[in-house]
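Student: Quick one, fold the following:
(chains A and B)
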Amino acid sequence: DTAVSQTPKYLVTQMGNDKSIKCEQNLGHDTMYWYKQDSKKFLKIMFSYNNKELIINETVPNRFSPKSPDKAHLNLHINSLELGDSAVYFCASSQSGLAATYNEQFFGPGTRLTVL
Amino acid sequence: GQQLNQSPQSMFIQEGEDVSMNCTSSSIFNTWLWYKQDPGEGPVLLIALYKAGELTSNGRLTAQFGITRKDSFLNISASIPSDVGIYFCAGRKAGGTSYGKLTFGQGTILTVHP
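Tutor: Now for the predicted structure:
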């Protein structure tokens, strides 16, 4: 199936650990994103990569490091996890373009991260 | 940072009723989007609006891009139980450093009673 997929779906870990979340899209898109959804359901963009180049980097702690090995993958590595990192993390992808009606963002199913 | 004010925060309605929610901003957006999120899933795009004043329908859903480009609304007619979920508005500005960046509203939690 064509989609944006994320692994793992759930991630429970201890404070101070390092963990990674993987994202893959087979939609042929050239832009990928990471969003964080907090306990109040507020969605906020963290990073965006276009053709493996970082184009959006919101005020995210440098413990978060995205890595894009190719256009179809954007992984998120988190060092020294803190309690406040507990959230649902969504990956998304889209196809860039100058036309107003370029493809919009397709979201993955999310990864629920719980830091104990 | 930039935020969109979405209201209402939650709605409890009877099946068959119409629903209306809106989103406002203090600044101009060139694109307005409406997404729905089901429990345990990612947001799914419902309607995209690209021109001020544009009115677009998708089945029982209708959305409009405000003429000031600072607001948008979403209407759902004749609600059904599967309309339950969280509805998000999102805005995007054109070009520059905000390329591709979406700013989301706080969401409207919709509950439909059979």
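
Student: so what pLDDT did B:Leu102 get?
Tutor: pLDDT for B:Leu102: 88.

Student: List the contacts of it.
Tutor: Counting by C-beta atoms under 8 Å, 6 or more residues apart in numbering or on different chains, B:Leu102 makes contact with A:45, A:105, B:33, B:90-92. To be clear about C-beta, it is placed using only N, CA and C from the backbone, and glycine gets the same treatment.

Student: Go through the residues you listed and flag which are in strands.
Tutor: Assigned to strands by DSSP state E, the following of those qualify: A:45, B:33, B:90-92.

Student: Include pLDDT and distance to B:Val84 when you put those into CSV, please.
Tutor: CSV is the format used below for those (pLDDT from 0 to 100; distance: C-beta to C-beta, whole Å):
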residue, pLDDT, distance to B:Val84
A:Ile45, 91, 26
B:Leu33, 94, 20
B:Ala90, 95, 20
B:Gly91, 92, 24
B:Arg92, 88, 27
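
Student: okay, among those residues, which ones form the most distant pair?
Tutor: The distance between the two most remote of the ones in strands among the contacts of B:Leu102 (C-beta to C-beta) is 13.4 Å, for A:Ile45 and B:Leu33.

Student: okay, the ones in strands among the contacts of B:Leu102 in a markdown table with neighbour count next?
Tutor: Output for the ones in strands among the contacts of B:Leu102, formatted as a markdown table (neighbours: other C-beta atoms under 10 Å in any protein chain shown):
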| residue | neighbour count |
| --- | --- |
| A:Ile45 | 23 |
| B:Leu33 | 24 |
| B:Ala90 | 25 |
| B:Gly91 | 26 |
| B:Arg92 | 19 |
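
Student: This completes my enquiry, with thanks.
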